[in-house]
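*Asks:* Predicted model follows, preceded by the sequence.
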Amino acid sequence: MTMLTVKGLAKSFPTAEGAVRAVDGVTFCIAQAQCYALLGPSGCGKTTILRCVAGLERAEQGSIAIGGRVVSDGDSFVPVHERSIGMVFQSYAIWPHLDVFDNVAYPLEVERPRVARAEIEKRVSDVLALVGLQTMARRPATRLSGGQQQRVALARAIVRRPSLLLLDEPLSNLDARLRDSMRRELSTLIRQIGVTALFVTHDQVEALSLADRVAVMDQGRIVQEGAPADIYERPKSLFVAQFLGAANVLMGRVEERDCQGRVRIALDGGGHCLTLVAEQGPGARVHVVLRPEDLTLSALAPANERNAISGRIAALAFQGSSVEYEVDIGGSTLLRVLARPQADLTRGTPVWISIDTRRVAIFGGADGSAAVDSV
Amino acid sequence: MQKLDNLDVTAKLMLAVGAGAAIYLIAVPLAMLLFAAFRGPGDYLPFEPGARWTLEHIRALFTDSVIYTRILPDTFIFVTGTVVVVFAIGFGLAWLIERTDLPGREIWFALILFPLLVPTPVLAIAWIFLMGPNAGWLNLALRAALGLESSGPINIFSMGGLILCQALASAPFVFLLLSATLRTMNPALEEASGTSGASASTTFCRVTLPVLLPGVLAPLILITLITAEQFELPLIIGLPAKINVFSYRIYFELNPLSSLPNYGAAAALSLPFVVLGVLLLVLYNRLIKRADSFVTMTGKGYRQRRLPLGAWRIPALALAALYVALAAVLPAAVLLWTSFFGYALPLSATAADFSLEAYRQLFANRTFWLGLRNTLLVAFASALIVTAIGALLGWIISRSQLKFRHVLDFVSMLSVGIPAVIAGLGVMLLYLSVPIGLYGSVGILIIAYSYRFATTTRLARAGFLQIHKELEEASAASGARWMVTLRRVLIPLMLPALSAGFILLFIVGVREFTMPLVLYSQDNVVLSVLLWQLFQSGQPALSAALASIIVAVVLPVIFVARQTLARRALAE
């Protein structure tokens, strides 16, 4: 069953330079118990979509249906408090004048018809136990840590068992270490209670690890939608490829093409060449996208030098289980490579980078559109 | 930002009532004023049968020589002189208390607020007792000390005396505005200049001064406007000195010595005043925006660097003590003394002269109790109305996307630019024309007082801006209607700001003198007006007793005010 259907949603905001189209014809749907992420850079319109779904903003065009009930279209608009939603705000929005229990009990207390007091007590205790705050029910909201606030916000959002849980950058206010553990916890919890969830984030790790489906957004449109692995492996555009990983992007030109569809691409600057399967014909300008983790680094020349690039280590940053190397491949181009720590690789060491051509994405055109998957 | 899609009918109705009331309380009396200025003859109300359109009042503005030879020069000298003196006092005190290690800062802070809390006629009468040319305490003391004869050397009934008194009375206001500016300046700005290699004097010229400038100029504009609006001291002290300023002239047209009130002339005289007020306010708002964009307050606690006074501590203390003595301690003392001993010399009085007769007479007087009841009722009711309107306007201005909100912002700001005497005149014209029995009642005072919602609107707006919008949205997303959100989230969170606004407006209401005088009737007399009447009818002991009672009521408020208001609200 489809829990959320968004069709042709559009909204613009007036600015000093005229109206800006924040959301430009967005369509997607979320199945029951699915966790769906809208991923994109700030200003791409993802938060506006979330707020339209919540009813905090009114879209100009398009329709929104929650659990089969149309809540917003051309004529009708169901106000936010009449929608079956729970929302976790970016700032958490924990009311400072109430304690933990009263914050979480609030949605039940304002429900009409009234919920019995005993029922409220029970449901709040249950949900507090679920988020691990059962011992903190009477703690004032002003005395909570970031992680605890996040749990209160989540408890408050799910306590009335909404059809749809909305999360606005739920982890962005936490520090890095806490963010990792809360992400895992959130993922477990959402699946445990089986709620349908829509969340927005600008953090690709968050989106890829939490969501069942991810929609990547750019300038008010969804540019690619799919399962996390699918999007990561097969980005359809340079934008998606770059946004999903801190990828290296090199410019090049197709030199020749053989009968098996293999092309030889001369990279700009360093005089290096790659041979791989691609669609573009001779003469075409292309973007070559190389993920740092897909590159292999060694001090020795590989047996097959065809798809290997030589360079010199310009900088390295130790990150624990891996090291990020920056390799100068000539022509003032630096290639980032993520590899296991190797003692013999220090600054200035000449190295070889081997490229697995199956993991290379080629995008033609100056703007990087017309995406082609490598084989 | 939300439009009003999420509001139900009750909520929209409430906001509409708030906006409507705001416009009604300000715009309708102003419109009546405008009509009256162009309707004649002057002793007719604008819509009375027989009144017609005319330009005679406007023409009189340009042809009446009194305006050019007396009113304009007097007003100009009064305003300029007062602003210069009040700024010197206010800046000096603010700087000493906020930026130096002056001992006893908290106590000085509380005492300086005294003139802001008592009705101006109380101060005026006390200063006349102190600085009256013949028998004023200070004059007697000075004459004895200097071996002088006859009267003087200080004559309160002069332009100099009026300016001094007005400056003493307005100093706390300037002091609070400048304190806020000085306090919110981030010392890191100055420290950054120091670490960049600038000397202390270079830092002061290149950083401190430019950063402070908008925050200093804005209060300058505001105090210019507020001085131009003053009526109480020009009436009580200026009139015997034959000083004739704009605000008094308007009152004079309404209460001429030997003819009918000239509504048209009063209204016409008000128009340039209102225009000037609006212009100054626009300028003020520009400066405030600039000052805000320099905002130095980050919410992080930082310690203000204080200048060690060293040997200058003694003169600094003497300056603070001189102000507090003239503006608070001596006035309170002279009033209390006079209420017990009559207007007699401190030295010549004996214990046998001590008498509670003045208090006995006062308590036996029915008008005293009526005045007390009216004062408290009107102050309380108008503070309540103004706080409610301010909160609704504050919400609309800070939270909604309605285009209309700019109009409301302007209207609420307008109230600062309308002098009490003109507000009183507008309300008078309106309720004389609309016969619903309000004229002469306590109700007309409540309505008249309630035009001052600029302060509460600003306080409420600042309060709403501090409440993260998501706190409100979280309530709606939890399923609460707007009215529930208002009751359970917004009002509890806004309570500090709202109660600060309420207390402030209550004090303003208790102090009010001009509007109840303009709208005076037997039934709606308030204490400040009664005080002036007693003083005018030559009963110094009785008026001193009443003034002492007012001071006794106000004194505890100083300490409440210092906590809840001064540090946060008045800084707005």
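*Replies:* Good, I have the coordinates. Numbers count the residues shown, from 1 in each chain, chains lettered A, B, ... in the order given.
*Asks:* which residues touch B:Val9?
*Replies:* By CB atoms under 8 Å, 6 or more residues apart in numbering or on different chains, the contact set of B:Val9 is empty. C-beta: built from backbone N, CA, C; applies to glycine.
*Asks:* how much space between it and A:Asp73?
*Replies:* Distance of B:Val9 to A:Asp73, given as CB to CB, to the nearest Å: 22 Å.
*Asks:* Equivalent analysis for A:Arg306, please.
*Replies:* 57 Å.
*Asks:* what about the helices in the stretch 151-300 of chain A?
*Replies:* Assigned by DSSP state H, counting those that start in this stretch, the helices in the stretch 151-300 of chain A fall at A:176-193, A:204-210, A:228-233, A:238-244.
*Asks:* ranking those helices by burial, who's on top?
*Replies:* Ranked by mean neighbour count under mean count of other CB atoms under 10 Å in any protein chain shown, these are led by helix A:238-244, which reaches a mean of 22.
*Asks:* name the element the residue nearest in space to the middle of chain B belongs to?
*Replies:* Of all residues in chain B, the one closest to the mean position by CA atoms, centre = their mean is B:Val508, 6.7 Å from it. Assessed by DSSP states H and E, B:Val508 sits inside helix B:491-511.
*Asks:* coming back round to it: got a list of what the residue nearest to the centre of chain B touches?
*Replies:* Here B:Val508 is in contact with B:Ala379, B:Ala383, B:Tyr449, B:Arg452 (criterion: CB under 8 Å, 6+ apart).
*Asks:* Same check on A:Tyr36?
*Replies:* By CB under 8 Å, 6+ apart, the neighbours of A:Tyr36 are A:Leu4, A:Phe28, A:Ile30, A:Ala197, A:Leu198, A:Phe199, A:Ala211, A:Asp212, A:Arg213, A:Val214, A:Ala215.
*Asks:* hmm, 7 Å instead?
*Replies:* A:Ile30, A:Ala197, A:Leu198, A:Ala211, A:Asp212, A:Arg213 (CB atoms under 7 Å, 6 or more residues apart in numbering or on different chains).
*Asks:* and the closest residue to A:Arg139 other than its chain neighbours, how many neighbours?
*Replies:* Spatial nearest neighbour of A:Arg139, excluding adjacent residues (CB to CB, 6 or more residues apart in numbering or on different chains): A:Val100 at 5.2 Å. Counted by other CB atoms under 10 Å in any protein chain shown, the residues lying close to A:Val100 total 27.
*Asks:* Quick check, pLDDT for A:Val88.
*Replies:* With respect to pLDDT, A:Val88 scores 91.
*Asks:* wait, it sits on A:Leu154?
*Replies:* Yes. Counting by CB atoms under 7 Å, A:Val88 does reach A:Leu154; the two are 5.6 Å apart.
*Asks:* re earlier: if I look at the residue nearest to the centre of chain B, how far off is B:Leu7?
*Replies:* Taking CB to CB, one finds B:Val508 at 32 Å from B:Leu7.
*Asks:* And B:Glu470, by the same measure?
*Replies:* B:Glu470 is 18 Å from B:Leu7, by CB to CB.
*Asks:* go on, B:Gln539?
*Replies:* For B:Gln539 relative to B:Leu7 (CB to CB), the value is 57 Å.
*Asks:* can I get the CA coordinates of stretch B:524-539 in CSV?
*Replies:* Presented in CSV, the C-alpha positions along stretch B:524-539 are these (Å, rounded to 0.1, in the frame of the first residue of the first chain):
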residue,chain,number,x,y,z
ASN,B,524,-12.7,60.2,35.5
VAL,B,525,-10.2,62.2,37.6
VAL,B,526,-6.9,60.3,38.2
LEU,B,527,-4.3,61.0,40.9
SER,B,528,-1.9,62.9,38.8
VAL,B,529,-4.5,65.3,37.7
LEU,B,530,-5.9,65.6,41.3
LEU,B,531,-2.3,66.4,42.4
TRP,B,532,-2.0,69.2,40.0
GLN,B,533,-5.4,70.6,40.9
LEU,B,534,-4.5,70.6,44.6
PHE,B,535,-1.2,72.3,43.9
GLN,B,536,-2.9,74.9,41.6
SER,B,537,-5.4,75.7,44.3
GLY,B,538,-2.6,76.6,46.7
GLN,B,539,-2.6,73.6,49.0
